[in-house]
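J.: this is the structure alone, sequence omitted:
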C-alpha cells in the first residue's frame, strides 16, 4: 500500500493478491483467487471560496475505484467506481454526502442475498447513496443512510435510520431501523422487503466494569437475536 496525506489531500493505492489455493488457518479473507487493485483520492477544501462558512466547515469530494481480477485466469470479475462529488462537513459536527457507484460484476457462481437467487453471469448496475449525520458527540444524535438504484437485474432501495442517546459518559443507548426493498431481482424475478430492528446499549460503572446488550429482530424469518455481556477487568488484561 502506498499512502500519502496532507492537510488538503489523501491519496492511496492498495494492491492485494490472494491465490486460488490459499486457505488461512487463522484469520479471514473476503475471497480467494483474486487480485485487488484499490486506489483512491480525497480532497479537503476549507478555502475562501467555500460558501456558507457559518454552517459548512469543509468540502471533501473523492474518487475511489476498485478493480478485482481472478488471479488464476487474469479475467476481470468486478469493477466499481465510487465517486462522491458532494461531501460537506458541518461546523456543528455533522455531515452530508452523496455517492454514485457504477458497478460491473461477473458472477462465477450463484449469489443469494437475503434468499433471492441471482444466477451466474455479467451484470452492470448503478447505485446512488445519500448520507446525513448530526453531531455524534451530542446527548441526542442521529444519522440516515439512503441508497437506491439498479441492482443486478432489478432494483434495490435500502435505508438505515439510527438514533443515539448518551446523556452521561456512563450510559449509551442506540436504536436502529434498516429496510431493504427488492424489486424484480433475481431468477425467478422476486419482489421482497426485509426489515431489521435493533437496539443496543452500554452501562458502565467505570471503564473496567461494563454491561453491554444487543437485540435485533429480522422480519424475513421473524427471528430475534439477543446478546448480553458483562465485562469486568479486575486487573490489567484480565
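T.: Okay, I see it. Computed from a predicted structure; not experimentally measured.

J.: packing partners for the longest strand anywhere in the chain?
T.: Looking across the chain with DSSP state E, the single longest strand is strand 190-206. Counting contacts by 3 or more Cβ pairs under 8 Å, 6 or more residues apart in numbering; DSSP states H and E, strand 190-206 packs against strand 171-185, strand 209-218. All C-beta spots, glycine's among them, are computed from the backbone N, C-alpha and C.

J.: redo these as TSV? Include distance to residue 122, mean pLDDT and mean neighbour count.
T.: Below are these laid out as TSV (distance: least, Cβ to Cβ, whole Å; pLDDT from 0 to 100; neighbours: other Cβ atoms under 10 Å):
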stretch	distance to residue 122	mean pLDDT	mean neighbour count
strand 171-185	16	96	16
strand 209-218	31	96	15
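
J.: could those go into a markdown table alongside distance to residue 49?
T.: A markdown table is the format used below for the helices and strands packed on strand 190-206 (distance: least, Cβ to Cβ, whole Å):
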| stretch | distance to residue 49 |
| --- | --- |
| strand 171-185 | 37 |
| strand 209-218 | 45 |
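
J.: quick one on the thing from earlier: need the residues that contact the longest strand of the chain.
T.: Identification of contacts with strand 190-206 by Cβ atoms under 8 Å, 6 or more residues apart in numbering yields 114-116, 154, 169-185, 210-220.

J.: residue closest to the middle of the protein?
T.: Geometric centre of the chain, nearest residue: residue 145, 9.5 Å, by Cα atoms, centre = their mean.

J.: mind listing the strands the host helix or strand of that residue pairs with, and their directions?
T.: According to DSSP states H and E, residue 145 maps onto strand 140-151. The sheet places strand 140-151 alongside strand 121-133 (antiparallel), strand 154-168 (antiparallel), with pairing taken from DSSP bridges.
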